[in-house]
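Enquirer: after the sequence you'll find the predicted model.
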Number of protein chains: 2
Amino acid sequence: MEKKNRVILALDVTSRPDAMRVVKAVREHVDAIKINWPLILAAGPDIISEMSKVKAVICDLKIADIPNTNRLIVEQAMSRGASAVIAHGFTGDDSVKACVEAAKGQVFVVTEMSHPGGKQFTAPAADRLAAMAKACGARGIVAPATRPERISDLRKIIGKMEIISPGVGAQGGKASDAIRAGADYIIVGRAIYEAPDPGAAAKSLADEVRGSV
Amino acid sequence: MEKKNRVILALDVTSRPDAMRVVKAVREHVDAIKINWPLILAAGPDIISEMSKVKAVICDLKIADIPNTNRLIVEQAMSRGASAVIAHGFTGDDSVKACVEAAKGQVFVVTEMSHPGGKQFTAPAADRLAAMAKACGARGIVAPATRPERISDLRKIIGKMEIISPGVGAQGGKASDAIRAGADYIIVGRAIYEAPDPGAAAKSLADEVRGSV
């Protein structure tokens, strides 16, 4: 993906027609589309190939299995045109390395999550997970826009790796705060795809990001 | 699934014809079929429905997302005929509860994993994850046959909940050890589906289990 708008669309719809409609409306104003299992299960795995013809696709599969299974999942996603995948780090460095190898480096590792349960096990391990992501050669990490101070902390650990940051909009995070804290891209879902005019909503966010750097 | 053979087949093949061939050969000698993302991505989500017509299906999706996404994933799996799903616990109790609600209780929570990386983050948290699985109303937990002493430890935490136990065969765990330690079902993959006669291999494992209780 090209770092132009610094906005990634979280395409959390669950039908192919909805997905196509939104992606066509926003394609000029986002740098990538993040798709997750609910859409893949509802529309079938070919939705990965279909979307990747329109825009760079990040498969947010929260991959969290043993190394060999991780490798098989990543191979399937990449062979269908994904540009990158999102994997968990808590399954250990061998599992992350298997993803990094299969994706030729194009892996974002989850460090901290934005929901309340994320505080129980992942948040206390986030610094270690970020350091491990770096050691494994991942492209970047996922860190929450709802806690910009954590983006700054994690930036110190990972150096120049990329940070993609969900939680902007419906979850309360602000695009400008996340970018100023060090995020490379914000990830936005409902605030774009549930907007009356998704294209205008995406453009407005991209403008906000441009205004804050 | 009916607790008859106490063997669950881990159907880690990646093509529909292989899946059908193996399942037809072993159906009398296993109680359920566990399928994972690589097969779903390769054969499409309808493989869940197809398999569930032959035998109870456990969707081993290692679900590890925020509550709403977990719910959407589980709903998709159950609506296609899955009998149960496997979810991670490290994303916190709200994420696990979302799975339990969507699956009407039919959730197995991963506590400890058998690969080397499993020792870094999950194993140290396994006791807490098992207690959380119980508090959330899950059906059972996943615990490794390669470490039967841990099955015994986790049994003390969860009481009468079910334990399903992978790692038998290719990974070195013994069916009889896992069952004696307190596992309700062993999960076996390659030792069945790569056997020259998968049906005979499954029957032999079921006989070993019967001989050890």
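Expert: It's in.

Enquirer: tell me where chain A has helices.
Expert: With DSSP state H, the ranges of helices along chain A come out as A:16-26, A:37-43, A:46-52, A:67-79, A:93-102, A:122-135, A:148-158, A:175-181, A:190-193, A:198-211.

Enquirer: and the residue of chain A most remote from its centre, how far is that from residue B:153?
Expert: Ranked by distance from the centre of chain A (Cα atoms, centre = their mean), the top residue is residue A:196, with 23.7 Å. Shown here: residue A:196 relative to residue B:153, a distance of 55 Å by Cβ to Cβ, to the nearest Å. (Glycine included, C-beta is placed from N, CA and C.)

Enquirer: residue A:126 now?
Expert: In terms of Cβ to Cβ, residue A:126 sits 28 Å off from residue B:153.

Enquirer: which one's more surrounded, those two?
Expert: Between residue A:126 and residue B:153, counted using other Cβ atoms under 10 Å in any protein chain shown, the more crowded position is residue A:126 (23 against 18).

Enquirer: in contact with that one, which residues?
Expert: When contacts are counted by Cβ atoms under 8 Å, 6 or more residues apart in numbering or on different chains, residue A:126 touches A:111, A:112, A:143, A:150, A:154.

Enquirer: by neighbours, which of the residues you listed wins?
Expert: Top of these by neighbour count (other Cβ under 10 Å): residue A:143, with 33 neighbours.

Enquirer: just to check, it is in contact with residue A:163?
Expert: Yes. Using Cβ atoms under 8 Å, residue A:143 makes contact with residue A:163 at a distance of 5.4 Å.

Enquirer: residue A:129 contacts residue A:113, doesn't it?
Expert: No. The pair residue A:129 and residue A:113 fails to qualify as a contact (Cβ under 8 Å) at a distance of 10.7 Å.

Enquirer: common neighbours of these two, please.
Expert: Shared contacts of residue A:129 and residue A:113, defined by Cβ under 8 Å, 6+ apart, comprise residue A:122.

Enquirer: compare these two and say which is more crowded by neighbours.
Expert: residue A:113 (29 against 26).

Enquirer: and the pLDDT for the residue nearest to residue A:92 when sequence neighbours are not counted?
Expert: Computed as Cβ to Cβ, 6 or more residues apart in numbering or on different chains, the closest residue to residue A:92 that is not its neighbour in sequence is residue B:117, at 1.9 Å. We have a pLDDT of 95 for residue B:117.

Enquirer: for residue B:117, grab the count of nearby residues.
Expert: Neighbours of residue B:117 under the rule other Cβ under 10 Å: 23.

Enquirer: right, and it touches residue A:90 too?
Expert: No. Counting by Cβ under 8 Å, residue A:90 is not a contact partner of residue B:117; they are 9.1 Å apart.

Enquirer: the residue nearest to residue A:137 when sequence neighbours are not counted and residue A:34: what is the separation?
Expert: Closest residue to residue A:137 apart from its sequence neighbours, by Cβ to Cβ, 6+ apart: residue A:100 at 5.0 Å. Distance of residue A:100 to residue A:34, given as Cβ to Cβ: 19 Å.

Enquirer: so for those two, which sits in the more crowded spot?
Expert: Taking other Cβ under 10 Å, residue A:100 and residue A:34 do not tie; residue A:34 has more neighbours (27 against 23).

Enquirer: partner residues bridging that one?
Expert: Beta-bridge pairing for residue A:34 (DSSP bridges): residue A:10, residue A:58.
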